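Quick one: sequence plus predicted model below, questions after.
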Amino acid sequence: MSDQPQESLPTSKVARAARFAKTGFKVGANYVQHYAKKAVGADATTAELHQANAEELYGTLSEMKGSVLKVAQMLAMEKNLLPPAYAEQFRQAQYQTPPLSGPLVVKAFRDAFGHSPSEVFDEFDPNARQAASIGQVHFARKLGKDLAVKVQYPGVGASIQSDIAMVKPVALRIMGLKEETLRPYIAEVEARLLEETDYKLELSRGQAVAAKCGHLPHLQFPAYYPALSSARILTMDWLPGQHMKEFLATNPSQEVRNQLGQALWDFYQYQLRELRQLHADPHPGNFLFSTTNGGTVGVLDFGCIKDVPALEQQQFLALLDPATLADPGRLESLLTEAGVLRPGDAPALREMYLRTLTQSLGLVGRPFREDTFDFGDPSYMQSLYALGDDLMQDKDLRQQREPRGSAHFVYLNRTYVGLFSLLTDLGAVVRTVPAAA
Ligand SMILES: Nc1ncnc2c1ncn2[C@@H]1O[C@H](COP(=O)(O)OP(=O)(O)O)[C@@H](O)[C@H]1O
Ligand SMILES: [Mg+2]
């Protein structure tokens, strides 16, 4: 990481609000410039405007760290919610935050254990190896083991709620949405973000998932060390492997890419069908890829886990079931059950929902309708994003400013779109229908 370490974080509410207000002005100024250019007939594209705003917003977010950056990452995952410029800028969020200085890291250790890192470990690299949204990861050794130590930025837990309160209006404005209609969905996201600040919870969830999924082939989970962990420090095995981008640059064979993709697919199917619990942050930074044993995926970051209630699990599976799409009556009753269609809807509105949902489910459910699916064909993901764009532009749909359906679907959708995007990046051919027992 080449950025200068940060000596302090703008942690006080006032300082953070001030920083954010500055961005607000800058974004406002970008708009003024845009329209001024337009007024004099100069060539000002909307894309240019988005680019300028995205850069400004991103700069502010990465200085503020914490939950703000996490919100940005979530937005980036939902590419079709954001103009492309924002999505691209925020996709890099996980990799490009300036690191915390050594003294702040030592302070975090003293607060948690009463000892400095060099007293706790046999070896501790004071320079972070990876920066992340609400923490940074150091390399350490103890008793001959290579360890990853995630240290949370001080003040994140305390400021997360006020951060969300600040990001909310900006994010909603970018997306052109109203808060009242989004309340249950926002509450769902806030709940997950708050959980992420508790590394003790992440530790117990990581241990539980590793125990339940340890038998799945070609996956690797770190062991966690409770005695070396706290609410803000998480110590686990250092996993080998590379991030997606670096891994792909080594030109792995198609066989390896297929095995990695299959491992990811099976992992998510097992979690949804058997555990009703999802690793709901399929950001590329949370997986490490290696060619070991023909392709192994290391799974990291159990900070965002979605427990899926039985009802929503059944509805989700039923909606993706190929038989549903072939039977409009069944689709209609399922959508009514799921709260997407309402008994009082005017016929035209009902038609509109049925039309857009048949289209969406047809596309999202496509991998489930074939025995093997080639995610290497980029046109699939492109049509998913194009559909998202179309729906955003859809005049009838835009008038329905109020989203429908259970808030539990927020993370279910996000997880599957994220998974599909990972598999597309890998270019994997995946057996999507389990072999008959
Ligand atoms: N156990 C580990 N072994 C190797 N690298 C790790 C490990 N844990 C985290 N990292 C590195 O640190 C980065 C951020 O860790 P992560 O747990 O995803 O943080 P966050 O919860 O803030 O997103 C990962 O992308 C990965 O590169
Ligand atoms: Mg992560």
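Received the coordinates, thanks. Ligands and ions are numbered 1, 2, ... in the order given.

My guess is residue 364 contacts residue 320. True?
Yes. With contact defined as C-beta atoms under 8 Å, residue 364 reaches residue 320; the gap is 7.1 Å. Glycine gets a C-beta too; all of them are placed from N, C-alpha and C.

what pLDDT does whichever residue of the chain sits closest to ligand 1 get?
Relative to ligand 1, the nearest point of the chain is residue 132 (2.9 Å; C-beta to the nearest ligand atom). Per-residue confidence for residue 132 comes out at a pLDDT of 71.

tell me the phi and psi of it?
Taking degrees, to the nearest 10, you get phi -140, psi -170 for the backbone angles of residue 132.

measure residue 251 to residue 427 for me?
11 Å (C-beta to C-beta, to the nearest Å).

One more: residue 286?
To residue 427, residue 286 is 19 Å away according to C-beta to C-beta.

neighbour count winner among those two?
Using other C-beta atoms under 10 Å as the criterion, residue 286 and residue 427 rank with residue 286 on top: 20 against 17.

buried stuff in stretch 322-336?
Within stretch 322-336, the residues scored as buried using 16 or more other C-beta atoms under 10 Å are 324-325, 331-332, 334-335.

cool, and stretch 374-381?
For stretch 374-381, the neighbour count (16+ other C-beta under 10 Å) marks 375-376, 380-381 as buried.

Identify the farthest-apart pair in those residues.
Across the buried residues of stretch 374-381, no pair lies farther apart than 376 and 381, at 10.3 Å, counting by C-beta to C-beta.

Please enumerate the shared neighbours of the two.
By C-beta atoms under 8 Å, 6 or more residues apart in numbering, residue 376 and residue 381 have these common neighbours: residue 424.

picking up where we left off before, wait, doesn't the residue of the chain closest to ligand 1 sit right on residue 150?
Yes. Counting by C-beta under 8 Å, residue 132 does reach residue 150; the two are 7.2 Å apart.

what touches both of these two?
Common neighbours of residue 132 and residue 150 (C-beta under 8 Å, 6+ apart) do not exist.

Where does the stretch 51-200 of the chain get nearest to ligand 2, which residue?
Ligand 2 sits closest to residue 132 of the stretch 51-200 of the chain, with a gap of 5.4 Å, by C-beta to the ion.

ranges for the helices of the stretch 101-250 of the chain?
102-113, 117-120, 156-175, 179-195, 199-213, 244-249 (DSSP state H, counting those that start in this stretch).

what pLDDT, on average, does stretch 408-420 get?
pLDDT averaged over stretch 408-420 gives 89.

Show me what from the stretch 151-300 of the chain comes close to ligand 1.
Counting by C-beta under 6 Å from any ligand atom, the stretch 151-300 of the chain comes close to ligand 1 at 222, 236-239, 285-286, 300.

of all these, which comes closest to residue 351?
residue 286 (40.2 Å).

which SS class is the nearest residue to that closest one once chain neighbours are set aside?
Nearest non-adjacent residue to residue 286, counting by C-beta to C-beta, 6 or more residues apart in numbering: residue 301, 4.2 Å away. Put simply, residue 301 is coil when judged by DSSP: H, G, I helix; E, B strand; the rest coil.
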